[in-house]
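> What would the 3D arrangement of this be:
(one chain, ligands or ions: 1)
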Amino acid sequence: MSGQGARLELRDLYYGFAQDEPLVTLDSLDLTPGQVVVLTGPSGSGKTTLLYLLSGLLVPVGGRVSWDGTDLAILREGARDQWRRQNAGFVFQDFHLIPQLSPLENVLIPAGFSAFSTRALRTRAQMLLTRFGVPARRRAALLSRGEQQRVALARALLGDPRVIFADEPTASLDAASGQVVAQALRDLAHREGRTVIIASHDPTVIEIADLGLRLSRGRRVEPA
Ligand SMILES: Nc1ncnc2c1ncn2[C@@H]1O[C@H](COP(=O)(O)OP(=O)(O)OP(=O)(O)O)[C@@H](O)[C@H]1O
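Sure thing, here's the model as predicted:
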């Protein structure tokens with residue numbers, strides 16, 4: 001439970017397969033707590049791959065992905081998983097909710113990995129759903145898409161992560177719902193000091209970026 005963001009120092013990142021063009025290569029990226037960075041670029045340019053490298057879901061072939069001095073690239077798999085459980089929250093384009101479960105139950109799905117007591121977790125889950133204006137007990141399948149993404153946001157925040165990774169979080173929402181989600185992501189960084197990394201081509205999301213990183217064929221291109 002830190003409620004604070006994390007500091008990224010990335011150097012000489014390289015990910016790809018032998019004899020092929022790299023899928024992603026990036027010489028440096030520095031992020032400070034409270035920043036929103038938005039990864040943009042055409043389909044297939046490497047945004048999701050970079051998001052996975054930054055969160056330790058993928059391991060680079062070369063380089064350093066260092067969060068507050070912990071280099072995910074050299075951690076063993078178990079330690080990397082533990083870092084993710086303790087520090088990272090994920091939001092996806094398609095919400096990844098279980099439709100038969102209630103919002104409350106969906107938010108509590110990651111609870112098995114947490115150190116909080118069950119009662120404290122339920123209270124926190126309830127608080128997050130109230131914050132995002134979602135009814136706790138209706139079946140998730142009956143919620144609007146915007147509400148479903150807000151449930152997913154609440155679930156991502158259950159463990160009070162220092163870094164939020166979001167992959168096209170507004171791509172399947174209408175403009176108004178996308179705006180609500182973009183503003184929520186901005187607040188998580190600017191008001192709460194979390195580090196927020198988003199892959200998106202939505203202008204509403206690009207607008208909240210403190211730092212833009214534009215990719216083409218796995219490389220940074222200017223202007224950002
Ligand atoms: N496991 C893998 N094996 C081989 N190629 C891969 C793998 N994962 C991704 N790629 C390739 O890497 C490139 C970048 O993919 P990525 O999904 O990161 O792009 P993206 O910018 O997120 O695209 P989109 O906006 O369509 O989601 C693509 O050419 C993709 O086919």
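
> quick one: the strands in the protein?
Secondary structure of the chain (DSSP state E): strands located at 8-15, 24-31, 36-40, 62-67, 70-71, 88-91, 163-167, 195-199, 211-216, 219-221.

> Make TSV out of those and add mean neighbour count, distance to the ligand and mean pLDDT.
Backbone N, C-alpha and C define where each C-beta goes, glycine included. Output for the strands of the chain, formatted as TSV (neighbours: other Cβ atoms under 10 Å; distance: least, Cβ to the nearest ligand atom, whole Å; pLDDT from 0 to 100):
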stretch	mean neighbour count	distance to the ligand	mean pLDDT
strand 8-15	18	9	97
strand 24-31	18	7	97
strand 36-40	24	8	98
strand 62-67	19	16	97
strand 70-71	15	22	97
strand 88-91	23	14	97
strand 163-167	24	7	98
strand 195-199	27	6	98
strand 211-216	16	7	97
strand 219-221	16	11	96
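
> possible to save those as a markdown table with distance to Ala79?
Formatted as a markdown table, those follow (distance: least, Cβ to Cβ, whole Å):
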| stretch | distance to Ala79 |
| --- | --- |
| strand 8-15 | 18 |
| strand 24-31 | 21 |
| strand 36-40 | 25 |
| strand 62-67 | 12 |
| strand 70-71 | 9 |
| strand 88-91 | 14 |
| strand 163-167 | 16 |
| strand 195-199 | 20 |
| strand 211-216 | 27 |
| strand 219-221 | 29 |
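
> Can you read off the pLDDT for the residue nearest to Leu128 when sequence neighbours are not counted?
Leaving aside its chain neighbours, Leu128 sits nearest to Ala154 (3.7 Å; criterion: Cβ to Cβ, 6 or more residues apart in numbering). At Ala154 the predicted local confidence, pLDDT, stands at 97.

> What of Pro223?
Listed pLDDT for Pro223 reads 63.

> between the lengthiest helix in the chain and strand 163-167, how big is the angle?
If each helix of the chain is counted by residues according to DSSP state H, the longest one is helix 175-190. Angular relation of helix 175-190 and strand 163-167 on a 0 to 180 degree scale: 160 degrees, by axes from the mean of the first three to the mean of the last three Cα atoms, to 10 degrees.

> Who are the packing partners of helix 175-190?
For helix 175-190, the helices and strands in contact under the criterion 3 or more Cβ pairs under 8 Å, 6 or more residues apart in numbering; DSSP states H and E are strand 36-40, helix 145-157, strand 163-167, strand 195-199, helix 203-206.

> and Ala88, which of those is closest to it?
When those are compared for distance to Ala88 using Cβ to Cβ, the nearest one is strand 163-167, at 5.2 Å.

> neighbouring contacts of the closest one?
With Cβ atoms under 8 Å, 6 or more residues apart in numbering as the contact definition, strand 163-167 has outside contacts at 5-6, 47-48, 51, 54-55, 67, 87-93, 156-157, 185, 188-189, 194-200.

> got a markdown table for the helices and strands packed on helix 175-190, with distance to Gly16 too?
Putting the helices and strands packed on helix 175-190 into a markdown table (distance: least, Cβ to Cβ, whole Å) gives the following:
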| stretch | distance to Gly16 |
| --- | --- |
| strand 36-40 | 17 |
| helix 145-157 | 29 |
| strand 163-167 | 20 |
| strand 195-199 | 18 |
| helix 203-206 | 27 |
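
> okay, Arg138: pLDDT?
At Arg138 the predicted local distance difference test score is 88.

> For it, what are phi and psi?
For Arg138, the backbone dihedrals (degrees, to the nearest 10) come out as phi -70, psi 160.
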